[in-house]
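>>> Take a look and give me a structure for this.
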Amino acid sequence: MKIFTSAVCAIGFLAAGAALAGEGNNVGCRTEYFCNWADLQGQDFSGKDISEKSFEAANLSRAKLKGVKADHVTFHIANLNDANLSGADLQGASFFSGTAVKADFSGANLKGVNFTRTNLRGANFKGAQMDGATVLIHAYLDGAVWTDGRVCAEGSFGSCK
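Got it, this is the predicted structure:
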């Protein structure tokens, strides 16, 4: 019964997130800070302040987050494939176990960001600031463009080789 109840709750959250997409200032979020499970595919957040929001398990594929202020945002297990986060201030954000394949982080502030177990294959980090204990433990980096412009070799896991 526990599994069935969890599945029903997950479906309810997904439906609620999709139903609220595009409404007011919350753009797909159930509350001011709760954007978990929301379907925000292709949404434009460019230049907005989304600091301290939670996008856990949200679909942000192809989302436009160019230049956003997103300090300490939670993107755990979120889909950010092909998202544009260029020039974003993501200091202290967490992408734990998420996926950001071919995402554009060029010129972004990634100081103290947690990319543990994140799929970052083909992502663009050119010119990004990654000092300040940016965590890449078990992160997949095959084909990613690193901060200095070099392309990470196949098998890059946890660091760009």
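>>> In stretch 31-48, which residues are buried?
Buried residues in stretch 31-48, counted by 16 or more other C-beta atoms under 10 Å: 34, 35, 36, 37, 38, 39, 40, 41, 43, 45. C-beta: built from backbone N, CA, C; applies to glycine.
>>> ignore the last one, stretch 66-76
Of the residues in stretch 66-76, 66, 67, 68, 70, 71, 73, 74, 75, 76 count as buried by neighbour count, 16+ other C-beta under 10 Å.
>>> tell me the contacts of residue 104?
If a contact means C-beta atoms under 8 Å, 6 or more residues apart in numbering, then residue 104 has 83, 84, 85, 86, 123, 124 as its contacts.
>>> still on that earlier bit, out of the buried residues of stretch 31-48, which one sits closest to residue 97?
residue 36 (14.0 Å; C-beta to C-beta).
>>> Not counting residues beside it along the chain, what's closest to that closest one?
residue 56 (4.3 Å; C-beta to C-beta, 6 or more residues apart in numbering).
>>> coming back round to it: need the contacts of residue 104 in a markdown table with neighbour count, can you?
As requested, the contacts of residue 104 are exported to a markdown table (neighbours: other C-beta atoms under 10 Å):
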| residue | neighbour count |
| --- | --- |
| 83 | 29 |
| 84 | 22 |
| 85 | 30 |
| 86 | 20 |
| 123 | 29 |
| 124 | 22 |
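>>> I am finished for the moment; much appreciated.
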